[in-house]
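Trainee: the sequence and its predicted three-dimensional model are supplied below.
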Amino acid sequence: MATTTEATKSAQPERPGLMDGGVSEFLVVSNIKAGQAPALRKTIEAINNPSREQARRAAVRDIGTIHDARHAIFDNDTRFLFASVFDGSWDTYIDDFATTAIAGVFSEVFAYSEGFPGITDPNVKDWFVAHQVPAASFLSAYPDLTTKQIWKDQRVNEAFQAVLDSPEFREILDNPASAALRATPAFQKLLDEAAN
């Protein structure tokens with residue numbers, strides 16, 4: 001098994017933000033360019049338009065690590081907040097934004113922030129670090145589940161529910177030959193969990 005040496009640790013830049021299990025938090029606050037809040041608000045509205053929903057969801061699926069993301073304009077239209085929860089490391093998260101379709105969304109919204117160098121600029125990580133506000137506390141409801149695992153669990157549950165609802169399953173379950181299976185604590189627990 002590989003171990004991390006002190007030299008390797010020091011080569012990794014220290015990044016802000018808290019983790020709970022494998023889940024990390026990210027919150028950036030920037031100053032909006034003077035007079036640009038209305039344009040930023042229109043940009044966010046355009047991004048949230050149902051006509052762009054499929055593309056946004058496809059981009060989130062492409063990245064595969066984002067649990068949630070949100071934008072807010074506050075302090076009398078002078079400041080902009082972006083907050084997100086994601087799987088894995090900070091650097092990978094930022095790299096994913098720069099190299100996937102979501103880069104366009106980041107470019108659109110942060111273009112209204114003072115000093116934003118652009119999502120593909122080599123200094124963009126330094127800009128995010130300078131504007132990131134780490135949480136004082138961070139708790140995930142499912143710290144050991146990645147977004148991809150949650151999606152898989154959802155697909156498995158949907159398939160399992162379809163089996164449970166099928167007449168064929170009911171027929172097998174009602175068959176006296178299945179009595180031993182029905183009596184096992186594990187099978188009862190499975191049915192109880194499926195019912196909740």
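Mentor: Cool, the structure landed.
Trainee: contacts, neighbours, all on C-alpha from now
Mentor: Noted.
Trainee: so Ala130 sits in a helix?
Mentor: Yes: counting by DSSP: H, G, I helix; E, B strand; the rest coil, Ala130 is located in a helix.
Trainee: Val23 against Pro143, yeah?
Mentor: Yes: using CA atoms under 8 Å, Val23 makes contact with Pro143 at a distance of 5.6 Å.
Trainee: between the two, which one's more packed in?
Mentor: For the pair Val23 and Pro143, the greater number of neighbours falls to Val23 (25 against 14), based on other CA atoms under 10 Å.
Trainee: relative to Asp62, how far out is the more buried one?
Mentor: Note on Val23: its distance to Asp62, by CA to CA, to the nearest Å, is 18 Å.
Trainee: Asp121 too?
Mentor: 22 Å.
Trainee: who's more crowded, these two?
Mentor: Taking neighbours as other CA under 10 Å, Asp121 and Asp62 compare with Asp62 leading, 14 against 11.
Trainee: that one and Ala180, how far apart?
Mentor: Per CA to CA, Asp62 is found 45 Å from Ala180.
Trainee: backbone phi and psi for Ile66, please?
Mentor: Per-residue torsions, Ile66: phi -90, psi 130 (degrees, to the nearest 10).
Trainee: now do the contacts for the residue nearest to the spatial centre of the chain.
Mentor: By CA atoms, centre = their mean, the chain has its centre lying nearest to Ile66, at 1.7 Å. Shown in contact with Ile66 (CA atoms under 8 Å, 6 or more residues apart in numbering): Val60, Ser84, Val85, Phe86, Asp87, Thr147.
Trainee: can you do 7 Å?
Mentor: Val60, Val85, Phe86, Asp87, Thr147 (CA atoms under 7 Å, 6 or more residues apart in numbering).
Trainee: just checking, what packs against the longest helix along the chain?
Mentor: Longest helix of the chain, by residue count under DSSP state H: helix 147-164. On a contact count with 3 or more CA pairs under 7 Å, 6 or more residues apart in numbering; DSSP states H and E, helix 147-164 meets no helix or strand.
Trainee: what comes up buried for that helix?
Mentor: Judged by neighbour count (16 or more other CA atoms under 10 Å), helix 147-164 contains these buried residues: Thr147, Lys148, Leu164.
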